[in-house]
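Visitor: Give me coordinates for this.
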Amino acid sequence: MTTMTLNEATSLIRTCVEQMNTHYRRTVFDEWAVVSLRERGGRVLSYHGPRREDFQKHFARDLDSLRRDIASRRFGIGDFEFARYAVGTKFEAFLVLGEGLYLICNNTAASMEDISRDPRWLGAQVPFVELSDRVRANPVSVEN
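Guide: Numbers count the residues shown, from 1 in each chain. Below is the predicted model of the structure:
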């Protein structure tokens, strides 16, 4: 199995987000980050969004909506989960990129419940699932 670098993953994520927005005809996730949860409190490796300064500061609080799922179940590389009722800066989705590495996605203005009400959400999910498949075949590896 080959691996991809953080830069390769970031490029794929940007493309995925753009494709999702195109299918949805508006922004699905206005904030996303690649994070390592290997260290206590986590570490942000890459960030895109409107609150760069506050993202790391509020990371642990905002992760609460997904933390239980991450901790309670064993997720494999490429697996993902959505937090249907997360609101505001609480994270709506994650995707396992590699060992201890996650893509965290968020819409700071809408919840997944709001987003999923639009029938275009079904088509917008396709690029996310395709990203998941690519990651499953080529996990992200980051040297510390």
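
Visitor: Relative to Ser111, how far out is the nearest residue to Thr2 once chain neighbours are set aside?
Guide: Distances taken as CB to CB, 6 or more residues apart in numbering put Asn138 closest to Thr2, at 5.2 Å, once the chain neighbours are dropped. For every residue, glycine as well, the C-beta is placed using N, CA and C. From Asn138 across to Ser111, the span is 31 Å (CB to CB, to the nearest Å).

Visitor: Val35 sits in which helix or strand?
Guide: Following DSSP states H and E, the helix or strand that holds Val35 is strand 31-36.

Visitor: which strands and helices sit next to that strand?
Guide: helix 6-24, strand 43-48, strand 101-106 (3 or more CB pairs under 8 Å, 6 or more residues apart in numbering; DSSP states H and E).

Visitor: Of those, which is nearest Asp79?
Guide: strand 101-106 (10.2 Å; CB to CB).

Visitor: ok, then the element right after that closest one?
Guide: Scanning forward in sequence from strand 101-106 by DSSP H and E, the next helix or strand is helix 112-117.

Visitor: any idea of the mean pLDDT in that following helix?
Guide: For helix 112-117, mean pLDDT rounds to 90.

Visitor: which parts of that helix are buried?
Guide: Met112, Ile115, Ser116 (16 or more other CB atoms under 10 Å).

Visitor: Please apply the same query to stretch 38-54.
Guide: Buried residues in stretch 38-54 (16+ other CB under 10 Å): Gly42, Arg43, Leu45, Ser46, His48, Gly49, Arg51.
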